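> Have a look; sequence and predicted model below, questions after that.
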Amino acid sequence: MMAASDPQGQIITIERHILEEQSSFPGATGTLTNLLYDIALAGKIIASKTNRAGLVEILGRTGDTNIQGEEVQKLDRFADATFFRMNDHTGRVALMASEEHADILPIPDKYPTGKYILLYDPLDGSSNIDYNICLGTIFSVYRKITDGRGSLEDCLQKGRQVVAAGYLLYGTSTMLVYSTGRGVNGFTLDPAVGEFLLSHPSIRFPKTSHYYSVNQGNERFWSEGVRTYTGWLQGRENDSPSLSARYVGSLVADFHRNLLAGGIFYYPADTREPGKTHGKLRLLYEAIPLAFLAEQAGGCGSDGTQNILDISPQSLHQRTPFFVGSRDLVERAEAYIQKLG
Ligand code: AHG
């Protein structure tokens with residue numbers, strides 16, 4: 001897809017797009033605008049490392065990294081530290097929480113705090129790092145609702161309170177897809193100019209779906225409802241959509257493909273071990289941001305019984321079964337689960 005341009009034929013950079021969105025919010029101070037731009041910048045830095053991931057061993061062996069005084073850091077730790085450092089000193093964020101840390105991440109005392117709460121999964125799909133497969137960063141932004149420098153309560157807000165959410169996809173190109181509640185827009189990083197350019201304006205799930213994405217290797221651990229639903233997706237009933245299966249195992253990549261092509265991603269509860277009866281994916285870091293984007297694109301996200309955005313989070317690392325994608329497919333999953341369990 002070509003980069004979108006305005007009627008005068010100018011390319012729309014992410015900075016310009018965020019600024020234009022800001023102008024449609026009366027009373028906006030520009031803080032969120034700048035926060036989103038900080039996130040885009042963090043994404044560029046992480047992308048520059050993920051692009052070189054396969055070279056880490058070689059560079060480490062030749063000693064290049066030692067000459068520059070850098071230590072070879074694991075990519076997920078690098079992404080985590082980058083996201084935090086890009087946002088810890090700006091005065092825009094009151095508190096952060098990362099999928100990589102057990103507890104909330106306060107802003108260091110030497111820096112001012114702001115009015116937003118930033119939650120992120122710095123490198124989702126980390127089991128794919130060693131194989132040169134797509135990775136992603138997922139983020140969500142809330143308003144601070146407590147006094148002072150923020151607390152756990154600020155992080156445990158319902159998805160309905162999300163102010164902005166999105167993801168960075170480190171694939172064949174680097175993309176940033178985000179929403180501030182006014183639809184979903186996608187930007188592709190142009191490495192020649194080092195800027196994200198609007199490439200996918202106003203993304204909506206297509207009316208016709210093509211793909212379902214699930215780790216079918218877990219099928220024997222699923223409930224009757226999920227197994228029967230999967231059969232329906234595959235074409236085993238008269239009104240089946242007969243979808244093709246696609247599963248990367250990087251949530252951002254699977255979600256992104258289904259957003260553009262139409263489809264559903266799900267990671268249901270399973271009976272493997274007690275911890276997995278609530279699913280594998282994290283409500284705060286993975287499910288809520290993607291459910292928010294899905295809804296903004298005309299789809300939705302569910303835990304199989306209720307909308308993800310209506311769940312009251314109880315803890316930072318709470319897990320949830322997750323069904324997200326084209327609305328009709330998610331609703332059909334809920335119907336099968338309600339009927340068969
Ligand atoms: P992680 O970042 O720990 O690798 O988790 C990845 C998540 C998500 O990206 C993906 O959809 C799912 O786990 C894959 O899980 P399975 O390997 O169990 O299919």
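All right, it came through fine. Numbering: from 1, shown residues only.
> could you pull out the helices for the stretch 151-300 of the chain?
With helices called from DSSP state H, counting those that start in this stretch, the stretch 151-300 of the chain shows them at 152-155, 224-234, 251-261, 288-296.
> can you count the residues close to residue 296?
Neighbourhood size, residue 296 [other CB atoms under 10 Å]: 22. Backbone N, C-alpha and C define where each C-beta goes, glycine included.
> Residue 261 contacts residue 208, doesn't it?
No: counting by CB atoms under 8 Å, residue 208 is not a contact partner of residue 261; they are 9.2 Å apart.
> Compare those two and say which is more crowded by neighbours.
More crowded of residue 261 and residue 208, by other CB under 10 Å: residue 261, with 17 against 10.
> which residues does the more buried one contact?
Neighbour list for residue 261: 206, 209, 210, 211 [criterion: CB atoms under 8 Å, 6 or more residues apart in numbering].
> mind checking the backbone torsions on the second one?
When you say that, I think you mean residue 209. Main-chain dihedrals, residue 209, degrees, to the nearest 10: phi -100, psi 150.
> dump the residue contacts of it.
241, 243, 258, 261, 262, 263, 264, 325, 326, 328, 329.
> at 7 Å instead, please
241, 243, 262, 263, 326, 329 (CB atoms under 7 Å, 6 or more residues apart in numbering).
> And the first one, by the same measure?
Residues touching residue 206, when contacts are defined by CB under 7 Å, 6+ apart, comprise 261, 262.
> for the last one, same thing?
Under the criterion of CB under 7 Å, 6+ apart, the contact list for residue 211 reads 243, 244, 246, 257, 258, 261, 263.
> Setting aside sequence neighbours, what's the nearest residue to it?
Closest residue to residue 211 apart from its sequence neighbours, by CB to CB, 6 or more residues apart in numbering: residue 263 at 3.6 Å.
> that older thread, which of the contacts of residue 211 has the largest number of neighbours?
residue 263 (29 neighbours).
> Okay, residue 206 and the ligand: tell me how far apart.
Residue 206 is 22 Å from the ligand, where distance means CB to the nearest ligand atom, to the nearest Å.
> ok so, going back, how about JSON lines for the contacts of residue 209, with distance to the ligand and pLDDT added?
Shown next, in JSON lines, are the contacts of residue 209 (distance: CB to the nearest ligand atom, whole Å; pLDDT from 0 to 100):
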{"residue": "241", "distance to the ligand": "21", "pLDDT": "94"}
{"residue": "243", "distance to the ligand": "17", "pLDDT": "96"}
{"residue": "262", "distance to the ligand": "18", "pLDDT": "98"}
{"residue": "263", "distance to the ligand": "14", "pLDDT": "98"}
{"residue": "326", "distance to the ligand": "18", "pLDDT": "98"}
{"residue": "329", "distance to the ligand": "17", "pLDDT": "98"}
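> Out of these, list just those in strands.
Among the contacts of residue 209, DSSP state E puts residue 263 in strands.
> Can you tell me which of the contacts of residue 209 is nearest residue 339?
residue 329 (16.0 Å; CB to CB).
> Can you give me the neighbour number for that closest one?
Residues within reach of residue 329, counting by other CB under 10 Å, total 27.
> Ok, the one 3 residues further on next?
As a burial measure, the neighbour count of residue 332 was computed by other CB under 10 Å and equals 19.
> residues touching it, list them.
Taking CB under 7 Å, 6+ apart, we find residue 332 in contact with 229, 232.
> CA-only coordinates of the one helix or strand it maps to in CSV, if you can.
Per DSSP states H and E, residue 332 falls inside helix 327-340. Output in CSV follows, covering the C-alpha atoms of helix 327-340 (Å, rounded to 0.1, in the frame of the first residue of the first chain):
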residue,chain,number,x,y,z
ARG,A,327,-16.8,-9.2,15.4
ASP,A,328,-18.9,-11.9,13.9
LEU,A,329,-16.2,-14.5,14.5
VAL,A,330,-15.6,-13.5,18.1
GLU,A,331,-19.4,-13.5,18.8
ARG,A,332,-19.6,-17.0,17.3
ALA,A,333,-16.9,-18.2,19.7
GLU,A,334,-18.8,-16.8,22.6
ALA,A,335,-22.0,-18.6,21.4
TYR,A,336,-20.2,-22.0,21.1
ILE,A,337,-18.6,-21.5,24.6
GLN,A,338,-22.0,-20.5,26.1
LYS,A,339,-23.6,-23.6,24.6
LEU,A,340,-20.9,-26.3,25.1
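> angle of that helix against helix 224-234?
Interaxial angle of helix 327-340 relative to helix 224-234 (axes from the mean of the first three to the mean of the last three CA atoms, to 10 degrees): 140 degrees.
> just how off-centre is helix 327-340 within its chain?
Between the centre of helix 327-340 and the centre of its chain there are 23 Å (CA atoms, centre = their mean, to the nearest Å).
> from the middle of its chain, how far away would stretch 20-39 be?
Averaging C-alpha positions (CA atoms, centre = their mean) puts stretch 20-39 20 Å from its chain's average.
> So for it, mean pLDDT?
Stretch 20-39 comes out with an average pLDDT of 86.
> can you check stretch 104-119 too?
Regarding stretch 104-119, the rounded mean pLDDT is 97.
> Tell me how far the nearest residue to residue 244 once chain neighbours are set aside lies from residue 278.
Sequence neighbours aside, residue 211 is the residue nearest to residue 244 in space, at 5.6 Å (criterion: CB to CB, 6+ apart). Distance of residue 211 to residue 278, computed by CB to CB, to the nearest Å: 25 Å.
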